[in-house]
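How does the following fold in three dimensions:
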Amino acid sequence: MREARAMPRETMTRSGYRPAAVVGALAILTGTILTGCGGEEVRHLISGTVNYDGKPVEMGTISFDPGGPDLMPDGAAIVDGRYECEVRPGKMTVRITGSRKRPPVPGDPDVFYEDYIPARHNTNSTRTVEISGTDTMDFNLTAP
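The predicted structure follows:
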C-alpha cells in the first residue's frame, strides 16, 4: 500500500498574495496595454477572382502571409473562381491552392481530388502585395 503524502501548500508573499496570481494579473495587464482596449486589429476587405490558365479555380484557398513567425496568415476559400476575406495591412506573400476532381481510376469507386496549382503559386510563392485598404485583387495564374 502506498503512503499518502501531503501536497505542498502554495507559497504566499507577506502581503498575502500568491506569486502565480500576481504574475497572471501582470500578464493580463501587459496584454491589454500592448493590444489596446478591445484588442481588435485593423483589417481590410479584399476580394477578387482567381483563374488558372484562363479558367476560374473552382475550389481552392488563398492566403495572405505576413511572413512573421508570430503572425498567422489571413485567407479564405476560393469558390467558383471568387474569394473574399479580411486581411491586416502590410506586405503579404500571396499563396494560392486549387483542387479538382481527378479522373476515376478503374476499380476505385471513390472520388478523389488532386492539387493542380504548381508550388510556385503556393508553398514556393514569391508574389507579394501591399494591403493598405479595401481592394479588389484578381490573380491570373499560368501553368509552368
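
Mind jotting down where the strands sit in the chain?
Assigned by DSSP state E, the chain shows strands spanning 44-52, 55-56, 59-65, 74-79, 82-87, 90-101, 113-115, 128-131, 135-136, 139-141.

Which secondary structure elements does the third one sit against?
What that stands for is strand 59-65. Where contact means 3 or more CB pairs under 8 Å, 6 or more residues apart in numbering; DSSP states H and E, strand 59-65 is packed against strand 44-52, strand 74-79, strand 82-87, strand 90-101. (Glycine included, C-beta is placed from N, CA and C.)

the domain parsing of the protein - what is it?
12-40, 44-138 (automatic domain parsing).

By mean pLDDT, show me the worst of the ones you listed.
Note on the domains of the chain: lowest mean pLDDT is at domain 12-40, with a mean of 44.

circling back to that earlier point, just the domains of the chain: most buried one?
Of the domains of the chain, the one with the most neighbours on average (mean count of other CB atoms under 10 Å) is domain 44-138, at a mean of 15.

Save the strands of the chain as TSV, and put in distance to residue 107 too.
Shown next, in TSV, are these (distance: least, CB to CB, whole Å):
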stretch	distance to residue 107
strand 44-52	30
strand 55-56	30
strand 59-65	26
strand 74-79	32
strand 82-87	36
strand 90-101	17
strand 113-115	18
strand 128-131	45
strand 135-136	46
strand 139-141	34
